[in-house]
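# Generate a structure from the sequence data that follows.
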Amino acid sequence: MAHSLVRVEHVMGMAVSLDLADDLPVPELERLADGVFDWLRVVDTIFSTYKPESEISRLGRGELRRADCSPVVGEVLDRCAELWRETDGYFDINAGGRLDPSGYVKGWAVQRACDRLLDEGSANHCLNAGGDIFVRGAPTGRSRWRVGVRHPWEAMSVAWVLEVTNMAVATSGTYERGLHVLNPFTGAPATALRSVTVVGPELGTADAYATAALAMGTRGLDWLATLPGHECAVVTEEGQAMRSANLPVAASAHLT
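Residues are numbered from 1 along each chain as shown. Modelled structure (predicted):
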């Protein structure tokens with residue numbers, strides 16, 4: 001009988017679910033899961049903008065030098081600077097007037113956890129942190145994972161069901177946290193798009209791209225189409241649903 005393990009914990013301010021679908025001994029699956037959640041708690045300690053004592057909070061207040069931060073802080077900030085250039089300045093970790101790389105950190109942390117899982121012998125897993133998801137391999141008896149993208153008005157429904165493997169799925173939207181994404185050039189909340197989903201090979205990048213496209217508003221639709229190796233799905237505030245031609249869709253809901 002094949003073994004598997006599903007665990008859900010509250011970390012980084014959200015419910016995080018891990019599905020390990022490898023045929024490994026249960027103690028080994030438990031050890032792998034412990035490693036994932038231990039890592040996410042470390043990330044939260046370093047990067048949480050809600051914790052005044054976190055390194056990123058202290059760095060933002062000028063109480064800590066970058067050189068004195070953990071090495072991962074420099075890694076994240078360097079990648080955020082690259083993403084600022086890649087997104088024409090729309091992914092801006094200073095847009096709200098304080099240092100906040102959260103739009104990259106969550107996806108990066110999940111991706112790093114999944115890469116560690118692979119290195120430690122897990123070839124089939126799904127890690128979901130508040131709708132930012134990375135999947136590898138497939139669950140038992142299937143060739144791909146099925147990932148639901150939440151309907152932006154109906155919390156218990158999905159807008160799309162994707163079939164993916166070895167892929168990241170990141171969604172940025174206004175339906176849970178309100179108008180939290182700002183246009184960095186105007187300082188105003190982004191209101192034109194209700195939901196942006198980006199599918200790509202690496203979750204931190206997909207997460208940042210989704211945030212940037214939401215900040216762009218309707219311009220983000222054309223910009224998303226230029227991204228090599230990525231697919232997307234967008235719902236506007238008026239209820240129009242659009243997706244790229246090669247989005248790996250198994251099923252979609254009717255949005256109006």
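# thought Thr236 was touching Ala192?
Yes: Thr236 is in contact with Ala192 according to C-beta atoms under 8 Å; the separation is 6.5 Å. Glycine gets a C-beta too; all of them are placed from N, C-alpha and C.
# And the helix or strand Thr197 falls within, how far out from the chain middle?
For Thr197, the enclosing helix or strand under DSSP states H and E is strand 193-200. Strand 193-200 sits 10 Å away from the centroid of its parent chain (C-alpha atoms, centre = their mean, to the nearest Å).
# and it, which strands flank it?
On the basis of DSSP bridges, the sheet neighbours of strand 193-200 come out as strand 167-173 (antiparallel), strand 231-236 (antiparallel).
# Find the residues that touch each one of Thr236 and Ala192.
Counting by C-beta atoms under 8 Å, 6 or more residues apart in numbering, the contacts common to Thr236 and Ala192 are Thr218.
# ok, back up a step: highest mean neighbour count out of the strands paired with strand 193-200?
With neighbours defined as mean count of other C-beta atoms under 10 Å, the strands paired with strand 193-200 peak in mean count at strand 167-173, which reaches a mean of 25.
# pLDDT averaged over that strand - what is it?
If you average the pLDDT over strand 167-173, you get 95.
# what's that strand in contact with?
Among residues not part of strand 167-173, those counted as contacts by C-beta under 8 Å, 6+ apart are 103, 107, 111, 131-135, 147, 149-150, 152, 162, 181, 194-203, 205-207, 209-211, 213-214, 235, 248.
# What remains of those if I keep only buried residues?
103, 107, 111, 131-135, 147, 149-150, 152, 162, 181, 194-200, 202-203, 205-207, 209-211, 213-214, 235, 248 (16 or more other C-beta atoms under 10 Å).
# Would you work out how far apart the start and end of stretch 136-146 are?
One end of stretch 136-146 to the other measures 12 Å (C-alpha to C-alpha, to the nearest Å).
# repeat for stretch 130-148
12 Å.
# do the same with stretch 195-213
End-to-end distance (C-alpha to C-alpha), stretch 195-213: 10 Å.
# neighbours around Ser54, how many?
Taking other C-beta atoms under 10 Å as the neighbour definition, Ser54 ends up with a count of 19.
# I'd assumed Thr45 was in contact with it.
Yes: counting by C-beta under 8 Å, Ser54 does reach Thr45; the two are 6.4 Å apart.
# could you pull out the helices for the stretch 101-250 of the chain?
Listed in chain order, the helices found in the stretch 101-250 of the chain under DSSP state H, counting those that start in this stretch are 102-119, 203-216, 219-224.
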